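In: What follows is a predicted protein model with its sequence.
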2 protein chains.
Amino acid sequence: MAVANKAPTAPTVSMDKLVSLCKRRGFVFPSSEIYGGFNGVWDYGPLGTELRANVKAAWWKDFVHSREDIVGLDSGILASPRVWEASGHLQNFTDPMVECKNCKHRFRADHIDLDKNCPVCGKKDWSDIRQFNTMFKTFVGPVEDDASVAYLRPETCQAIFVNFRLVQQAMRKKLPFGIAQIGKAFRNEITTGNFIFRLRELEQMELEYFVRPGEDERTFDEWLLRDVEWLTRLGVRREMLHLYEHPAEKRSHYSKRTVDIEYDFPFGRSELWGHANRGDFDLTQHKNASGEELEYFDDESKEHVVPYVIEPSLGVDRTMLVLLLEAFDEQPDKDGIRTVLHFHPRVAPIKVAVLPLVKKDEGLVSKARALFDELRSELTAQYDETSTVGRRYRRQDEIGTPWCVTVDGQTLEDGTVTVRDRDSMEQVRLPSAEVLPVLQRRLRQPWSRPE
Amino acid sequence: MAVANKAPTAPTVSMDKLVSLCKRRGFVFPSSEIYGGFNGVWDYGPLGTELRANVKAAWWKDFVHSREDIVGLDSGILASPRVWEASGHLQNFTDPMVECKNCKHRFRADHIDLDKNCPVCGKKDWSDIRQFNTMFKTFVGPVEDDASVAYLRPETCQAIFVNFRLVQQAMRKKLPFGIAQIGKAFRNEITTGNFIFRLRELEQMELEYFVRPGEDERTFDEWLLRDVEWLTRLGVRREMLHLYEHPAEKRSHYSKRTVDIEYDFPFGRSELWGHANRGDFDLTQHKNASGEELEYFDDESKEHVVPYVIEPSLGVDRTMLVLLLEAFDEQPDKDGIRTVLHFHPRVAPIKVAVLPLVKKDEGLVSKARALFDELRSELTAQYDETSTVGRRYRRQDEIGTPWCVTVDGQTLEDGTVTVRDRDSMEQVRLPSAEVLPVLQRRLRQPWSRPE
């Protein structure tokens, strides 16, 4: 894993400010807060849940539904322990751990400087470094013994390899093709931190793209390019992204080549989207361990092939963190500070808010409710009638709602409403009936973050 | 839990036939099949993944996005163990277990007749019954000891109670309101079985609807009615559904009243959708255990209220099983048997297939590809050009695709295409440009299963 120790290219929002907004507005809550919290796990509030679902839906639409060569999978978090034996995880999915013999605190040996004193107690009395397996273990069935041990998957991709033939045959896929999966993975990290960056419970969007041996290097480069472009289309500034080529000695046991798309987080440059050329390592391991056929039969050449696989692996939580960091903005204005989240409309939790100018005018409210009902049949929408329109705009800005529709006196006369744009704050009048199609069109148009 | 021991009202497809179709066509695969399987866990193949996503999206749209009084949550599978202590799960989330002393097999004592001999070895030598806690246990952090024990959540709802105040305040919700969550839950069942019916890893769609004390009984009845109706709108026959009122001695420790919506599975009538009146049990338990405020402050009466909660709790996997069972049909015809899945179009994995009549006609293929590109920008679509149109229809029928669009010679002349309906097998000619809006309209219309 890449170490977060380089300086960011540009100043961004402080993590504290972001964490506070996320809690206050219902994006991200500390897990089990009433019980003093639970390290390495966060709960997503109502708006975080929507943002998260939109990130996953955008990835699925662009990489699965829009492509004929990629299909999905949704496998169990639990699986036979033999999967992890064959994949090498039982042996190799470890982090180096060191203990301060004085205060008994444990650290990741590659994340601290062992020439210095213990950052907790200030003494210098380090244990030997030992390898700590970061798979979570549990017991399945009514007996708790060695025979019943199972693991929570530390990555979603192994089920893709194990199911390779079942998927390929059911879907009649020909090389090259990919299998995509979104799902939870668990890593018993020695240390956690930086909000939703390094988690013990995380969610991955993984894609295994199978190609003929020899086509792997070119395919690798294509995915890297495609994935950088995908991030920028979602509004991530290109200059915040960097490619990091792992030197051979830092690569995982399965990888022939690893390149991370890194992002300049406030706490340093670090991994966002890993890309690995896993070659035929996994399919060969599972084939040998299970004795089952995991090859691809090429109809044309009449040959059995063990495909090579290119893996782009992206974290849902890290993507959310990047989108939140990129979106966050504070703009001084005459009333103080306007806090705004410039989300791409595709991922914004709420697409549109409907605001009747006056709460007590029955005619106005009935118009506003009718428009709200129409809009929310297709888009996530909020109806807000409390306090001044200015304050209601502010509330929507702070949760990143791209459009606010105000229903006012003129609506009763000519049927038009005001549509306010979150980014430019410009307002245009439109016939009420045009609002939904206009917003739907704008949701499909390219969008870029305002400077 | 309700015991599956009553006769179904109507004959349905055999489970074997369904399991076989699900594997062959990429709906459901046995977990870790190349390693001999893994009990109580299944992997969803490409089409199962789409069906599953559609079931969850339909529930979320109808119960969260379409309602102003319900918001979502997406919490961790892991949480502080104090959550499970306070909720009573450490003490009470147990099943009665009995062991055959002769062959050492273990059974759920309430699922077998202890007056009879062991169904495995044929001897009769039962142990005493003991309570077995079905929460999966793991260890969090770099030390494996009692202090690091955590549990995989056995139900998603506890995080809703623990986060009650954070959600209520962030979203400024007033009673009555609900918090919904979809997510994995884990139960270390003593025995598993009946395909995706009784699982160790399952997914729940849970809703906690908070009301003022005294409004709970009426609200309970409203949800029961609403949920039966939701199932029938998705195409489940009303006569296959039954209400089962749990007698007091069979209710869970937290419940004042429990009514299951049961379904006539091929293996017997059993629980599909549980409804519980949890009263103020959970909020009170967490309030007392944590010492934190978990009340609702009523602005009008200036009083603190511990709300009562009504819980409709539905399994994603069981819903999929019901939809598959309801959809499955075999129709004898002149070519043998037509196997068809009559899914509601909303949940069908693939909405439309585009089939060029002739594969080698460049003009035709280019028209078909253009239409396919247009359709798949909005709907899940497949393009299929291999073998006869008749066989291609059959393939789509078997995976439940509601519409097939055929592009033929006449298309090149007048721009029209044929749209074939899966259920009626009727074909209508339409201008190519009308296909997308027509299908989108039909997706929103009421649908019912053909007799």
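Out: In hand now; what should we look at? Numbers count the residues shown, from 1 in each chain, chains lettered A, B, ... in the order given.

In: could you say which helix or strand contains A:L21?
Out: Assessed by DSSP states H and E, A:L21 sits inside helix A:15-24.

In: gap between that helix and the chain center?
Out: Its chain's C-alpha centre lies 18 Å from the corresponding centre of helix A:15-24 when counted by C-alpha atoms, centre = their mean, to the nearest Å.

In: Now do that helix: which elements does it pack against?
Out: The contact analysis (3 or more C-beta pairs under 8 Å, 6 or more residues apart in numbering or on different chains; DSSP states H and E) places helix A:15-24 against strand A:28-30, helix A:316-327, strand A:328-333, helix B:164-170. Placement of C-beta: from N, CA and C, glycine included.

In: can you give me the mean pLDDT across the first one?
Out: In other words, strand A:28-30. In this model, strand A:28-30 has a mean pLDDT of 98.

In: State the paired neighbours of it in the sheet, together with their directions.
Out: If you go by DSSP bridges, strand A:28-30 pairs up with strand A:42-44 (antiparallel).

In: for the strand it pairs with, the distance to its chain's centre please.
Out: Distance, stretch centre to chain centre, for strand A:42-44: 13 Å (C-alpha atoms, centre = their mean).

In: which residues touch A:D298?
Out: Counting by C-beta atoms under 8 Å, 6 or more residues apart in numbering or on different chains, A:D298 touches A:L175, A:H304, A:V305.

In: can you give me phi and psi for the nearest residue to A:M240 once chain neighbours are set aside?
Out: Nearest non-adjacent residue to A:M240, counting by C-beta to C-beta, 6 or more residues apart in numbering or on different chains: A:D264, 4.9 Å away. When read as degrees, to the nearest 10, the backbone of A:D264 gives phi -80, psi 90.

In: Wait, A:D264 touches A:R237, no?
Out: No - with contact defined as C-beta atoms under 8 Å, A:D264 does not reach A:R237; the gap is 9.1 Å.

In: Help me confirm that A:F297 is found in a helix?
Out: No - per DSSP: H, G, I helix; E, B strand; the rest coil, A:F297 lies outside any helix segment and is strand.

In: list the contacts for it?
Out: A:E303, A:H304, A:V305.

In: Who wins on neighbours among those residues?
Out: Greatest neighbour count in those, by other C-beta atoms under 10 Å in any protein chain shown, goes to A:V305: 17 neighbours.

In: List, one by one, the residues from the stretch 201-350 of chain A near chain B.
Out: Remark: the part of the stretch 201-350 of chain A in contact with chain B comprises A:E201, A:H286, A:A289, A:S290, A:E292, A:L294, using C-beta under 8 Å from any C-beta of the partner chain.

In: so where is chain A shaky, pLDDT-wise?
Out: Within chain A, the segments meeting pLDDT under 70 span A:1-12.

In: Show me the residue at the heart of it, geometrically.
Out: The residue lying closest to the centre of chain A (C-alpha atoms, centre = their mean) is A:V316, at 1.6 Å.

In: Look up how far A:E206 lies from that residue.
Out: Distance, A:V316 to A:E206, using C-beta to C-beta, to the nearest Å: 11 Å.

In: Which neighbours do the two have in common?
Out: Jointly contacting A:V316 and A:E206 under the rule C-beta under 8 Å, 6+ apart are A:I182.

In: Restricting to C-alpha, output the one helix or strand A:L430 maps to in PDB.
Out: Using DSSP H and E, A:L430 falls within strand A:427-431. Extracted in PDB, the C-alpha atoms of strand A:427-431 (Å, rounded to 0.1, in the frame of the first residue of the first chain):
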ATOM      1  CA  GLN A 427     -32.000  32.100 -11.400                       C
ATOM      2  CA  VAL A 428     -34.100  31.600 -14.500                       C
ATOM      3  CA  ARG A 429     -37.800  31.500 -14.900                       C
ATOM      4  CA  LEU A 430     -39.300  28.500 -16.600                       C
ATOM      5  CA  PRO A 431     -42.800  27.200 -17.200                       C
END
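
In: Next, the angle strand A:427-431 makes with the next helix or strand after it.
Out: Per DSSP H and E, the first helix or strand lying C-terminal to strand A:427-431 is helix A:435-444. Here helix A:435-444 points in a direction 130 degrees away from that of strand A:427-431 (axes from the mean of the first three to the mean of the last three C-alpha atoms, to 10 degrees).

In: helices and strands around helix A:435-444, which ones?
Out: Helices and strands touching helix A:435-444, as assessed by 3+ C-beta pairs under 8 Å, 6+ apart, comprise helix A:362-376, strand A:403-407, strand A:416-421.

In: can I get these in a markdown table with mean neighbour count?
Out: Output for the helices and strands packed on helix A:435-444, formatted as a markdown table (neighbours: other C-beta atoms under 10 Å in any protein chain shown):
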| stretch | mean neighbour count |
| --- | --- |
| helix A:362-376 | 17 |
| strand A:403-407 | 24 |
| strand A:416-421 | 19 |
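
In: would you turn these into JSON lines with distance to B:G45?
Out: Formatted as JSON lines, these follow (distance: least, C-beta to C-beta, whole Å):
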{"stretch": "helix A:362-376", "distance to B:G45": "33"}
{"stretch": "strand A:403-407", "distance to B:G45": "39"}
{"stretch": "strand A:416-421", "distance to B:G45": "43"}
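
In: thinking again about what came up before, measure the residue nearest to the centre of chain A to chain B for me?
Out: 10 Å (C-beta to the nearest C-beta, to the nearest Å).

In: so who does that residue touch?
Out: When contacts are counted by C-beta under 8 Å, 6+ apart, A:V316 touches A:R52, A:V55, A:K56, A:I182, A:L202, A:E203, A:Q204, A:M205.
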